[in-house]
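1. Have a look; sequence and predicted model below, questions after that.
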Amino acid sequence: MQISFDTKIAEVYKSSSQKIRVLTEDWVDKEVFCPACGTNISNYENNRPVADFYCPNCGEEYELKSKKDSIGKKIVDGAYRTMIERLNSSDNPNFFFLNYDPIKFEVLNFIVIPKHFFTPEIIEKRKPLSLTARRAGWVGCNILLQDIPESGKIFYIKNGKPENKEIIVSNWQKTLFLRETRNQELKGWILDVMRCIDRLGKKEFSLQEVYKFEEYLKNKHPNNQHVKDKIRQQLQFLRDKGYLEFLDRGKYKLK
């Protein structure tokens, strides 16, 4: 996988934003394959309100977000209301996030976040635009990357180094079980426990270590009075789906 943009194709543009849009879209169209099946993806010919790219083989769709700064903890997106509506629809796309070097015109980081990791909880509502703005009252949103489990951030390129294709496809397959869960509250519990496991920072851990997040989970789910029971339930679910391996009584391992 090449990490450099083909700068020649943008020479006719004067606007920096236009140049970057053309360069990044061209790079994705030429270099990126579908993480779901490994087939080369295609660029939609016309601007679509939902997605920028699609896989002609399996039908997965992708929206591209690019920025020159580090990807960071959040990504600015479009209208808040539109995003929330999309999360509850069947045509919500997966997201590509591209971070580039504006001097060398090279890709620094490129990740895909599967759509099944998106819940209303990770969408932050921004303040309405002022009354003097051209779109007065318009409300945008941010995607809170910090609230997405690490397994939901699949790197193609990390710090300028491409990842192996087989690993990318394998990492995609690991969490497809989340698409079976339509109930947003239940999915929220699963993702919260996955985030707690991430925060432990190790492959092997114990049930007691996850129990330490009881207060955190209680604050996120104030209507649930049986948090420890819920933790055990989610760990068993993740084990049954192959996300975790059961080692011994009260001991687990990330696969």
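-> Cool, got the structure.
2. residue contacts, Leu144?
-> Lys73, Lys74, Ile122, Ile123, Glu124 (Cβ atoms under 8 Å, 6 or more residues apart in numbering). Where you see a C-beta, it was placed from the backbone N, CA and C, and this is true even at glycine.
3. And for the closest residue to it other than its chain neighbours, the neighbour number?
-> Using Cβ to Cβ, 6 or more residues apart in numbering and skipping residues adjacent in sequence, the residue nearest Leu144 is Ile122, 4.6 Å away. Ile122: 21 surrounding residues under other Cβ atoms under 10 Å.
4. In this structure Ile122 contacts Cys141, no?
-> No. In terms of Cβ atoms under 8 Å, Ile122 does not count as a neighbour of Cys141; the distance is 9.9 Å.
5. What residues are bridge-paired with the residue most central in space within the chain?
-> The chain has Ile113 as the residue nearest its centroid, 2.6 Å off, counting by Cα atoms, centre = their mean. Ile113 has these beta-bridge partners by DSSP bridges: Phe95.
6. same question, Phe155
-> If you apply DSSP bridges, the partners that Phe155 bridges to are Ile111.
7. Let me see the ranges of the helices in the stretch 151-255 of the chain.
-> 165-174, 184-200, 207-211, 214-220, 227-240 (DSSP state H, counting those that start in this stretch).
8. Show me the one of the ones you listed that comes nearest Phe155.
-> Phe155 lies closest to helix 165-174 among the helices of the stretch 151-255 of the chain, at 7.8 Å (Cβ to Cβ).
9. Which neighbouring elements make contact with that closest one?
-> strand 154-158 (3 or more Cβ pairs under 8 Å, 6 or more residues apart in numbering; DSSP states H and E).
10. For the strand it packs on, give me every contacting residue.
-> If you take Cβ under 8 Å, 6+ apart as the criterion, strand 154-158 is touched by 1, 3, 32, 35, 107-114, 162-163, 168, 171-172.
11. returning to what we had before: ok, now which ones touch the residue nearest to Leu144?
-> Ile143, Leu144, Asp147, Ile148.
12. If we ignore the residues flanking it in sequence, what's nearest Lys104?
-> Ser4 (7.6 Å).
13. how near is Phe177 to Phe118?
-> Distance of Phe177 to Phe118, given as Cβ to Cβ, to the nearest Å: 16 Å.
14. quick one on the thing from earlier: deepest-packed of the helices of the stretch 151-255 of the chain, please.
-> When the helices of the stretch 151-255 of the chain are scored by mean count of other Cβ atoms under 10 Å, the highest mean neighbour count falls to helix 184-200 (a mean of 19).
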